[in-house]
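A.B. asks: please find the sequence and the predicted model below.
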Amino acid sequence: QVQLVESGGGLVQPGGSLRLSCVASGTIFRINAMGWYRQAPGKQRELVAAMPSAGSTNYADSVKGRFTISRDNAKNTVYLQMNSLKPEDTAVYYCNAAIQRFSSSINLNYWGQGTQVTVSS
């Protein structure tokens with residue numbers, strides 16, 4: 001089994017910052033791509049930031065310059081540093097990872113349970 005557990009969400013005022021963390025645990029041979037998605041009420045889930053391979057990053061245009069994704073491979077953890085938060089960033093944020101459980105297995109896609117981020121004064 002593999003689990004992704006997010007933490008770090010909460011209520012923050014506009015202009016504030018939050019740091020989300022996501023830890024992967026279980027039987028893991030290799031974690032390949034990792035990323036963060038979000039889903040606001042009444043909207044589809046959208047990509048926020050991703051690290052598809054070592055050293056590369058992708059960001060949604062709406063968060064470029066404000067959010068930073070990073071990984072600690074030794075800890076099987078991905079982070080999302082969110083600065084200059086805006087009310088439109090309010091959503092449930094989900095961690096996503098493509099994981100090989102064994103050396104001979106293919107990548108499987110895993111999701112965390114989500115963490116709520118609310119930006120409001």
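C.D. replies: Yep, that arrived.

A.B. asks: tell me the centre residue of this protein?
C.D. replies: Centroid-nearest residue in the chain, with CA atoms, centre = their mean: residue 36, separated by 2.7 Å.

A.B. asks: list the contacts for that residue?
C.D. replies: When contacts are counted by CB atoms under 8 Å, 6 or more residues apart in numbering, residue 36 touches 20, 22, 47-50, 69, 78, 80, 93-96. Quick note: C-beta positions are derived from backbone N, CA and C, even for glycine.

A.B. asks: need the per-residue pLDDT for the residue in the chain sticking out farthest from the centre.
C.D. replies: Residue farthest from the centre of the chain, counting by CA atoms, centre = their mean, is residue 104 at 26.3 Å. Residue 104 carries a pLDDT value of 83.

A.B. asks: element containing it?
C.D. replies: Under the criterion DSSP states H and E, no helix or strand holds residue 104.

A.B. asks: mind checking how far it is from residue 29?
C.D. replies: Look at residue 104 and residue 29: by CB to CB, to the nearest Å, they are 9 Å apart.

A.B. asks: which parts of the protein are helices?
C.D. replies: Using DSSP state H, no helices are found in the chain.

A.B. asks: just for it, where's the confidence low?
C.D. replies: 53 (pLDDT under 70).

A.B. asks: try 90
C.D. replies: Scanning the chain for pLDDT under 90 picks out 1, 52-55, 102-107.
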